[in-house]
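K.L.:
Kindly return the folded structure for what I paste below:
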Amino acid sequence: MKTLYLVRHAKSSWDAPGLQDDQRTLLPKGIAKTRLVAGYLIREGVKTDLMISSQAVRAYETAKIMADCLGYPIKQILKDRKIYDGPYDRLLDLIYGTANDVNSLMIFGHNPLITQLSNLFLHPGIEDMPTSAVVCITFNASRWEDIPTSKSEMKFFITPKQLKTSGTGSE
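P.N.:
Numbers count the residues shown, from 1 in each chain. Predicted coordinates for the structure are as follows:
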C-alpha cells in the first residue's frame, strides 16, 4: 500500500512589490490555518516517510510547519523545483521514481498543479484545493511506478474551513 499526501501551501503575502513569486512568505493566518490542519493530521495518526516541497519559500515554510507538528525532521525535507514550475508530468516522474521503501509521501505544492495532480488519481476529482488543504490518496500497490494502474482511494480531503465549520479545530 502506498499513500500520497498532496498539500497546497499556506496563504502567502502579496505585499512586497518587486519580490519574485517564489520568494513570497506566509501570512500569519496561513501559518495558523496550516497548524489547524496539522492538528487534524495528528489526530488521524498521519506519519510520512518522505516530505518533498517546492523550493518556493511559501511551500517550504508550510512543509516545515507540518514537519514540526508531525515529528518529521525538518532537515530531511527535500526541495524540488519540478513541484514549482511543473508541468505535472515532471512531477509524476518524481512520484513514480520514489524509492519503494517509502510507503507514504507528502508533497507540498501550488495550484493549479496540485489540484490537477490529485484529479489524475481521483474520480470524481476535487474542484479546487484551497491554501493549507491536504488530500490523502491511497494506492493498492507495492511500487510507486505501479500506482497509475492500481486501485486508488481518497482517504480524506481536509481544508481549514472544514475544520473551523465542524468545530474540531481552533485557531
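
K.L.:
Closest to the centroid, which residue in the protein?
P.N.:
residue 7 (1.8 Å; CA atoms, centre = their mean).

K.L.:
Which helix in this protein has the most residues?
P.N.:
Identified as the longest helix of the chain according to DSSP state H is helix 28-43.

K.L.:
can you list contacts of that helix?
P.N.:
9-12, 26, 58, 61-62, 65-66, 69-70, 131-134, 158-160, 163-164, 168-171 (CB atoms under 8 Å, 6 or more residues apart in numbering). Glycine gets a C-beta too; all of them are placed from N, C-alpha and C.

K.L.:
Show me those residues that map onto helices.
P.N.:
Those of the contacts of helix 28-43 lying in helices (DSSP H): 58, 61-62, 65-66, 69-70, 160, 163-164.

K.L.:
most neighbours, which of those?
P.N.:
residue 62 (30 neighbours; other CB atoms under 10 Å).

K.L.:
residues touching residue 117, list them.
P.N.:
So residue 117 contacts 6, 88, 91-92, 109 (CB under 8 Å, 6+ apart).

K.L.:
and with 7 Å instead?
P.N.:
Applying CB atoms under 7 Å, 6 or more residues apart in numbering to residue 117 gives the contacts 6, 88, 91.

K.L.:
now do residue 47
P.N.:
Counted by CB under 7 Å, 6+ apart, residue 47 has contacts 70, 104.

K.L.:
Which pLDDT value goes with it?
P.N.:
We have a pLDDT of 95 for residue 47.

K.L.:
how close does residue 1 get to residue 152?
P.N.:
Here the criterion is CB to CB, to the nearest Å. By it, residue 1 lies 11 Å from residue 152.

K.L.:
which strands and helices sit next to the strand or helix carrying residue 93?
P.N.:
Using DSSP states H and E, residue 93 falls within helix 88-96. Using 3 or more CB pairs under 7 Å, 6 or more residues apart in numbering; DSSP states H and E, the elements in contact with helix 88-96 are helix 82-85, helix 113-121.

K.L.:
Just the buried residues of that helix, please?
P.N.:
Residues of helix 88-96 classed as buried: 88, 91, 94-95 (neighbour count, 16 or more other CB atoms under 10 Å).

K.L.:
Turn the contacts of residue 117 into JSON lines, columns for distance to residue 123.
P.N.:
Output for the contacts of residue 117, formatted as JSON lines (distance: CB to CB, whole Å):
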{"residue": "6", "distance to residue 123": "16"}
{"residue": "88", "distance to residue 123": "16"}
{"residue": "91", "distance to residue 123": "19"}
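
K.L.:
could you dump the residues you listed to TSV with pLDDT and distance to residue 43?
P.N.:
Listed next are these as TSV, based on pLDDT from 0 to 100; distance: CB to CB, whole Å:
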residue	pLDDT	distance to residue 43
6	97	19
88	79	30
91	90	29
